[in-house]
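Colleague: fold the following for me, if possible:
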Amino acid sequence: MARSRKTSGHRPSASRSDTIRHEDAFPRNEVIRLEQLRRIYGQGDAAVHALAGIDLSVQEGEFISLMGPSGSGKSTCMNILGCLDSPTSGRYLFNGVDAGTLTSKQRALLRRNYLGFVFQGFNLLSRTTALENVELPLIYRGVPTSERHELALDALQAVGLADRAHHTPGELSGGQQQRVAIARAIVTRPIVLLADEPTGNLDTARSIETMELLQSFNQEQGITIVMVTHEPDMAQYSNRIVHFRDGCIEREERL
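Modeller: Below you'll find the predicted structure:
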């Protein structure tokens, strides 16, 4: 599989409200850096070390897969990357911004403005159309209705579902629902797309279809993708696999 790269050029900057200063020495093309990241749940003998001091760097335009057995720490890592959880210690830098110093409002803005999310369970609103589902993050941004419709239709066109814009999730196949979910994730043009088991509820054919779609966004639009998966054949669509075990990064392999 050929893997050409284009950079997105979108970066958090000091001119945005509710952001903080950038690290002066932060490499320009490094979008994610984890430094000795630890996440401990509970205390004393009941403490669970979900992450035991991991270091990870993700460059802009990469497509990486996080793999490992249940309880290895990959999902905890993904939650921290999405600012849905906070580390017990260590640092998470997103484009040079130390996420650990952000307020809850600033973390919400980081998620809204720079991250896209794709989930195993699709998480679509069942009584609304595909178009309305894709428009949802734009509503949170306060995008005017006419512009919202246009952007959502463009995103559905990009995933090959413009002709299903007015269908509800119940009228779509599982693969089509996941494509709507991907359209919703990319409609805001995120820097990083976080995909949590995006093929977990799909058959083989629809899984391949979904992975080829994600790969195309990575290669053609330069969207950085971090994906959690249990499926080695799906991980082959990425260009780096990070293997987790017992809260640590056991090894990495480049494809």
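Colleague: for the helix or strand where Leu213 lies, what does the pLDDT average out to?
Modeller: Assigned by DSSP states H and E, Leu213 falls within helix 204-221. Helix 204-221 shows a mean pLDDT of 94 in the predicted model.
Colleague: Ile249: what secondary structure?
Modeller: Three-state assignment for Ile249 (DSSP: H, G, I helix; E, B strand; the rest coil): strand.
Colleague: name the nearest residue to it, sequence neighbours excluded.
Modeller: Spatial nearest neighbour of Ile249, excluding adjacent residues (C-beta to C-beta, 6 or more residues apart in numbering): Ile54 at 5.1 Å. Just so you know, the C-beta spots here come from the backbone N, C-alpha and C atoms, and that holds for glycine as well.
Colleague: mind listing what the particular helix or strand that has the one you found in it pairs with, with the direction of each?
Modeller: Under the criterion DSSP H and E, the helix or strand holding Ile54 is strand 48-59. With DSSP bridges as the test, strand 48-59 is paired with strand 30-41 (antiparallel).
Colleague: can you list contacts of the partner strand?
Modeller: 26, 47-60, 73, 76-77, 80-81, 85, 87-95, 191-192, 224, 226, 247 (C-beta atoms under 8 Å, 6 or more residues apart in numbering).
Colleague: which strands and helices sit next to the helix or strand that the strand holding Ile54 is followed by?
Modeller: Using DSSP H and E, the helix or strand that follows strand 48-59 in sequence is strand 63-67. On a contact count with 3 or more C-beta pairs under 8 Å, 6 or more residues apart in numbering; DSSP states H and E, strand 63-67 meets helix 74-81, helix 204-221, strand 224-228, helix 232-235, strand 240-245.
Colleague: now with 7 Å?
Modeller: Contacts defined by 3 or more C-beta pairs under 7 Å, 6 or more residues apart in numbering; DSSP states H and E place strand 63-67 against helix 74-81, strand 224-228, strand 240-245.
Colleague: can you give me the strands for the stretch 101-250 of the chain?
Modeller: For the stretch 101-250 of the chain, the strands defined by DSSP state E, counting those that start in this stretch cover 115-119, 192-196, 224-228, 240-245, 248-254.
Colleague: mean pLDDT, mean neighbour count and distance to Ser216 added to those strands, as CSV?
Modeller: Shown next, in CSV, are the strands of the stretch 101-250 of the chain (pLDDT from 0 to 100; neighbours: other C-beta atoms under 10 Å; distance: least, C-beta to C-beta, whole Å):
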stretch, mean pLDDT, mean neighbour count, distance to Ser216
strand 115-119, 94, 21, 14
strand 192-196, 96, 23, 12
strand 224-228, 98, 24, 11
strand 240-245, 97, 19, 18
strand 248-254, 96, 13, 20
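Colleague: pLDDT weak spots in the protein?
Modeller: Within the chain, the segments meeting pLDDT under 70 span 1-28.
Colleague: re earlier: and of the helices and strands packed on strand 63-67, who's closest to Thr204?
Modeller: Of all those, strand 224-228 sits nearest to Thr204, with 17.2 Å by C-beta to C-beta.
Colleague: circling back: save the helices and strands packed on strand 63-67 as TSV, and put in distance to Gly42 too.
Modeller: Below are those laid out as TSV (distance: least, C-beta to C-beta, whole Å):
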stretch	distance to Gly42
helix 74-81	13
strand 224-228	23
strand 240-245	20
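Colleague: and Gly100, which of the ones you listed is closest to it?
Modeller: helix 74-81 (9.6 Å).
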